[in-house]
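Peer 1: pasting a predicted model and its sequence here:
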Amino acid sequence: MRAILIAALLAVLAACANAPTTSQQQAPASVEDRSPGQPGAQTQGIGSNQVSGVDLTAQKQGAAPAGGKSPLTDPSNILSHRSIYYDFDQYDVKDEYRPLIEAHAAYLRAHPDAKVLIQGNTDERGSREYNVALGQRRADGVKRMLLLLGVKEDQVEAVSLGEEKPKALGTTEEAYAQNRRCDILYKGEY
Amino acid sequence: MQSFSARWISRAATALVGFLLLAPPSAQAQLSIEITGAGANRIPIAIVPFPGEAVLPPGITPIVRADLERSGLFRGLEIPPLIPQPTEASTVDYAEWRARLADALVLGSVATRPDGRYEVRFRLFDVVKQTPLGGVAYTLAKDQVRATAHRISDFVYEKLTGVRGVFSTRIAYVVKRGNRYELQIADADGADEETALASFEPIISPAWSPDGKRLAYVSFENKKPVVYVHSLLDGKRHVVANFKGSNSAPAWSPDGSRLAVALSKDGGSQIYLINPDGSGLRRLTYDSSIDTEPFFSPDGKFIYFTSDRGGSPQIYRMPSSGGDAQRITFDGSYNVSPRVSPDGKSLAYISRNDEGKFQVALLDLTSGQAQILTDSDRDESPSFAPNGRMILYATVINGRGVLSAVSIDGRVRQRLTVNAGDVREPAWGPFIQ
């Protein structure tokens, strides 16, 4: 079906491109193209611009987090704390977040099958692509700490969302501070 | 709109399993263009309505006039109804058109062919030199009115300015509405937009293949940046780079055989080459700093990129096979997003000034002289028109993401907006062959 449609389209385009118009020959006044090397009348076909679309919004969004009681989601457990915030233009983890990262490192050591995704984020100022790189630097820093604390390399992936997924909207310093952040997500949560 | 829906229905029959029909775009989705600055000396041109063009709504000549005026280099003259209506075959009274203050004149006609298609003919005249400059006849279907008008605009523009026109080219950009992101393709005048990809996760950095048939881009649909190549004609897309970590910033080599990308698979953000099918990965930079936003020079010999190896983000250049990099920007503490002009002689980029404003800058690569082209303060993602005369970029006006375009002399300015949404990440496509 697709091949037929494409073949038909190509045939139409080819016909447009090649066929001199009949009315061209009948018309008393010919249209001249005085461009060098192109004497006489010239009829040109017009191609169609086509875009074939893909809609991902019709598909289900990501799997729901696993239910049930888990230390990872228990609000009284430090493991439910997943965000690390940064000062402007800073990429090192502040001391106040060390216990959080140590707790996740301990959990990952105790659960060698568990995997985490660390998503680095930036505020919205500047180039989107450069911010992807800056967010990556934050995520890489958290990953490095986890590895130093004995977590296995294949349990951790550090990625960047750059400025694309702000937690807080707006152009205030408060919003920016919320968005300079790394989030730790366990497999099944992303 | 009609043709889009019709084409969609026929294509839906062959659509890949799992991809549902996209809703046809609403009228609101269309980019509208406002001219906010024009050239100093615009050529006065008389574009006489073509007899018979009423059968091809909205008519050929209104689109041609809008195209030429939008370029900032032409001023369309108001013409009273002429009886009899002149066509391309009429004898031109140059003195009369000179009296109407026209420097140039376009005459034409539209006829219906026996096969139900249409024929549009036109002729361009230099009124000052009293000489015809040529013309073309086109056969077309009813849904090709705009494409035909753009071809005429290209002809007129090139004959009168000596520069190839870009009216038949297309642009890509991302529209964000609520939590929905759409990668759209539209004609250079914002018309006939179509959605190439719709997603609930961000889409950034669209980059046209040199043949205009494919787009590379970064999609976050897997909760991390992954580079895809998307064929526009059939909607087929495939992953080019989905390595551990982030995959971003695709740029095509001029021959279309390679993509430069920024990957974090080996730590940090480094530049690699990869084939468009995802094979042949090769690392180009080896350092502990950020290297990203690669962009090939038009001759393919160099890759410009952004790096913070000197302590602040600046633009560098290295051979496209890798090797020693040379620093290109020196003024200021934040110069990013390099894009080389199609003639290779200048570099557009984003520069942050002392007041924290991010603006489009243009650097003459021969003289080293840089010039700020805009007065906005949150500019991003510059993209040259394929004829090198305009730079399209994203900015923020009144809290909304819009696209703007500025001529390389800073005089001609346009603004492209959509209703109820943010537009960003523009990429101007290549000339249509």
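Peer 2: That came in fine, so what should we check first?
Peer 1: switch to C-alpha atoms for all contacts and neighbour counts from now on
Peer 2: Will do.
Peer 1: wait, B:Val423 sits on B:Ala172?
Peer 2: No - the pair B:Val423 / B:Ala172 is not scored as a contact, 10.4 Å apart, by Cα atoms under 8 Å.
Peer 1: quick one: name the residues of the stretch 201-350 of chain B near chain A.
Peer 2: B:202, B:204-205, B:220, B:223-225, B:232-235, B:244-246, B:248-249, B:264, B:267-269, B:290-293, B:306, B:336-337, B:350 (Cα under 8 Å from any Cα of the partner chain).
Peer 1: tell me which of these fall in strands.
Peer 2: B:204-205, B:248-249, B:291-293, B:306, B:336-337, B:350 (DSSP state E).
Peer 1: please produce JSON lines containing the residues you listed, extended by pLDDT and neighbour count.
Peer 2: Listed next are those as JSON lines, based on pLDDT from 0 to 100; neighbours: other Cα atoms under 10 Å in any protein chain shown:
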{"residue": "B:Ile204", "pLDDT": "98", "neighbour count": "26"}
{"residue": "B:Ser205", "pLDDT": "98", "neighbour count": "26"}
{"residue": "B:Ser248", "pLDDT": "98", "neighbour count": "32"}
{"residue": "B:Ala249", "pLDDT": "98", "neighbour count": "30"}
{"residue": "B:Asp291", "pLDDT": "98", "neighbour count": "29"}
{"residue": "B:Thr292", "pLDDT": "98", "neighbour count": "33"}
{"residue": "B:Glu293", "pLDDT": "98", "neighbour count": "30"}
{"residue": "B:Thr306", "pLDDT": "98", "neighbour count": "28"}
{"residue": "B:Val336", "pLDDT": "98", "neighbour count": "30"}
{"residue": "B:Ser337", "pLDDT": "98", "neighbour count": "30"}
{"residue": "B:Ile350", "pLDDT": "98", "neighbour count": "26"}
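Peer 1: in chain A, which spans are strands?
Peer 2: Under the criterion DSSP E, chain A carries strands at the ranges A:43-45, A:54-55, A:83-85, A:116-121, A:156-162, A:181-186.
Peer 1: out of those strands, which is closest to B:Val163?
Peer 2: B:Val163 sits nearest to strand A:43-45 of all the strands of chain A, at 20.7 Å, using Cα to Cα.
Peer 1: just the helices in the stretch 101-250 of chain B please.
Peer 2: Here the stretch 101-250 of chain B has its helices, by DSSP state H, counting those that start in this stretch, at B:145-161.
Peer 1: for it, which residue gets nearest to chain A?
Peer 2: Here the stretch 101-250 of chain B gets closest to chain A at one residue, B:Ala196, 4.0 Å apart by Cα to the nearest Cα.
Peer 1: show me what contacts the nearest residue to that residue once chain neighbours are set aside?
Peer 2: Among residues not flanking B:Ala196 along the chain, A:Gly53 sits closest, at 4.0 Å (Cα to Cα, 6 or more residues apart in numbering or on different chains). Shown in contact with A:Gly53 (Cα atoms under 8 Å, 6 or more residues apart in numbering or on different chains): B:22, B:194-198, B:232, B:235.
Peer 1: what does stretch B:371-379 rub up against?
Peer 2: Looking at what lies outside stretch B:371-379 - Cα under 8 Å, 6+ apart - the contacts are A:125-126, B:350, B:356-363, B:393-396, B:406, B:408-410.
Peer 1: and that stretch, how far apart are its ends?
Peer 2: Stretch B:371-379 has its terminal residues 15 Å apart, counting by Cα to Cα, to the nearest Å.
Peer 1: cool, and stretch B:125-135?
Peer 2: Terminal-residue distance, stretch B:125-135 (Cα to Cα): 9 Å.
Peer 1: average model confidence for that stretch?
Peer 2: Throughout stretch B:125-135, pLDDT has a mean value of 97.
Peer 1: could I get the phi/psi values of B:Ser383?
Peer 2: Dihedral pair for B:Ser383: phi -150, psi 120, per degrees, to the nearest 10.
Peer 1: so it bridges to which residues?
Peer 2: Per DSSP bridges, the residues bridged to B:Ser383 are B:Leu392.
Peer 1: OK, contacts around it?
Peer 2: Residues near B:Ser383 by Cα under 8 Å, 6+ apart: B:339, B:348, B:391-393, B:426-428.
Peer 1: repeat for A:Ala103
Peer 2: Contacts of A:Ala103 (Cα under 8 Å, 6+ apart): A:78-79.
Peer 1: which SS state does the closest residue to B:Leu77 other than its chain neighbours fall under?
Peer 2: If the residues on either side of it in the chain are set aside, B:Leu77 comes closest to B:Ala46, at 5.1 Å by Cα to Cα, 6+ apart. With DSSP: H, G, I helix; E, B strand; the rest coil as the basis, B:Ala46 sits in strand.
Peer 1: thinking again about what came up before, got the strands of chain A as a markdown table, with mean pLDDT, distance to chain B and mean neighbour count columns?
Peer 2: Compiled in a markdown table, the strands of chain A are given as follows (pLDDT from 0 to 100; distance: least, Cα to the nearest Cα, whole Å; neighbours: other Cα atoms under 10 Å in any protein chain shown):
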| stretch | mean pLDDT | distance to chain B | mean neighbour count |
| --- | --- | --- | --- |
| strand A:43-45 | 55 | 5 | 21 |
| strand A:54-55 | 89 | 5 | 24 |
| strand A:83-85 | 97 | 16 | 21 |
| strand A:116-121 | 97 | 8 | 28 |
| strand A:156-162 | 98 | 5 | 27 |
| strand A:181-186 | 97 | 10 | 22 |
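Peer 1: any idea which residue of chain A lies closest to chain B?
Peer 2: A:Gly53 (4.0 Å).
Peer 1: can you list the weak-confidence ranges in chain A?
Peer 2: A:1-49, A:59-68 (pLDDT under 70).
Peer 1: chain B now?
Peer 2: B:1-29.
Peer 1: what's the domain layout of it?
Peer 2: Residue ranges for the structural domains of chain B, counted by automatic domain parsing, are given in the record as B:42-161, B:171-428.
Peer 1: do me a favour and get the end-to-end distance for the first one?
Peer 2: Start and end residues of domain B:42-161 are separated by 11 Å (Cα to Cα).
Peer 1: mind checking how far that domain is from the chain centre?
Peer 2: Here domain B:42-161 is found 24 Å from its chain centre; the criterion is Cα atoms, centre = their mean, to the nearest Å.
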